[in-house]
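Engineer: this one's sequence-less:
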Ligand SMILES: [Cu+2]
């Protein structure tokens with residue numbers, strides 16, 4: 001014989017916890033998003049390579065993407081004697097490893113990819129823009 005009152009008490013469940021994990025609504029960053037380099041990616045923006053130095057493991061394919069409506073080149077080779085105040089290089093020596101004319105953003109050819117199969121330091125530059133000097137470091 002079980003008293004009815006006991007049944008009522010035992011049946012009284014604790015209030016269900018409200019599942020109220022706040023959802024992180026990412027703010028709309030449409031414009032900025034396209035100018036953020038992805039993994040193993042370099043963006044040309046503001047007459048600069050971003051990032052200017054990228055370090056990747058050997059065997060990595062690096063992709064360049066034009067983030068502006070100006071053409072650039074991705075030209076491998078050494079540059080030297082960069083003026084510290086202007087950022088302008090005093091010399092450039094294309095080495096023929098890669099040389100791609102990067103079309104303006106939104107046009108065919110506005111990206112370029114190259115796979116680095118050997119460790120080392122790979123300087124490169126944009127031929128018409130003397131302050132666009134950058135480096136890929138490939139770690140073995
Ligand atoms: Cu350029």
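Structural biologist: It's in. Just so you know, these numbers come straight off a predicted model, no measurement behind them. Residues are numbered from 1 along each chain as shown.

Engineer: Need the nearest residue in space to residue 59, chain neighbours excluded.
Structural biologist: residue 117 (6.1 Å; C-beta to C-beta, 6 or more residues apart in numbering). Placement of C-beta: from N, CA and C, glycine included.

Engineer: Count the neighbours of that neighbour for me.
Structural biologist: The local packing of residue 117 (other C-beta atoms under 10 Å) involves 10 other residues.

Engineer: If I look at it, what pLDDT would I see?
Structural biologist: Confidence per residue is given as pLDDT, and for residue 117 that number is 98.

Engineer: Close to the ion: what parts of this protein are there?
Structural biologist: Near the ion, the residues belonging to the chain are 72, 126, 129, 132 when assessed by C-beta under 5 Å from the ion.

Engineer: How are the strands of this structure distributed by residue range?
Structural biologist: When assigned using DSSP state E, the strands of the chain occupy the ranges 41-45, 48-50, 53-57, 60-66, 72-80, 91-102, 111-116, 120-125, 133-139.

Engineer: Make CSV from these and add mean neighbour count to it.
Structural biologist: CSV is the format used below for those (neighbours: other C-beta atoms under 10 Å):
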stretch, mean neighbour count
strand 41-45, 21
strand 48-50, 19
strand 53-57, 14
strand 60-66, 19
strand 72-80, 20
strand 91-102, 14
strand 111-116, 16
strand 120-125, 19
strand 133-139, 18
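
Engineer: Can you name the residues that contact the nearest residue to residue 61 once chain neighbours are set aside?
Structural biologist: Here the nearest residue to residue 61 in space, its sequence neighbours aside, is residue 115; by C-beta to C-beta, 6+ apart that works out to 4.4 Å. Residues in contact with residue 115 (C-beta atoms under 8 Å, 6 or more residues apart in numbering) are 59-62.

Engineer: Most neighbours among the residues of the chain next to the ion, please name it.
Structural biologist: Neighbour counts for the residues of the chain next to the ion were taken using other C-beta under 10 Å; the highest belongs to residue 72, which has 26 neighbours.

Engineer: Tell me how far stretch 97-109 lies from the chain's centre.
Structural biologist: With C-alpha atoms, centre = their mean, to the nearest Å as the basis, the distance from the averaged C-alpha position of stretch 97-109 to the chain average is 17 Å.
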